[in-house]
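Chemist: coords below, sequence missing:
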């Protein structure tokens, strides 16, 4: 198991956090699979460098 520790004393941006996770090796398909469990609608995800 890998652990990431954030010391976000002044806040953290959600999109930049996800980008950092993906850049660090988070599997894109696994991310989208887990996100789909939230049953949200009205958005589209595009992952590119």
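Modeler: Structure's in. What do you need? For clarity, every value in this text was computed on a predicted model and none was experimentally measured.

Chemist: what residue ranges in the chain score low on pLDDT?
Modeler: Residues of the chain meeting the criterion pLDDT under 70: none.

Chemist: what ranges does it have for its helices?
Modeler: Secondary structure of the chain, counting by DSSP state H: helices at 14-23, 28-36.

Chemist: count of neighbours near residue 19?
Modeler: Residues within reach of residue 19, counting by other Cβ atoms under 10 Å, total 14. All C-beta spots, glycine's among them, are computed from the backbone N, C-alpha and C.

Chemist: so it versus residue 39, what's the distance?
Modeler: 24 Å (Cβ to Cβ, to the nearest Å).

Chemist: same question for residue 17.
Modeler: Distance of residue 17 to residue 39, given as Cβ to Cβ: 22 Å.

Chemist: which of the two has more neighbours?
Modeler: residue 17 (13 against 5).

Chemist: so what's the more buried one up against?
Modeler: residue 6 (Cβ atoms under 8 Å, 6 or more residues apart in numbering).

Chemist: noted, bye for now.
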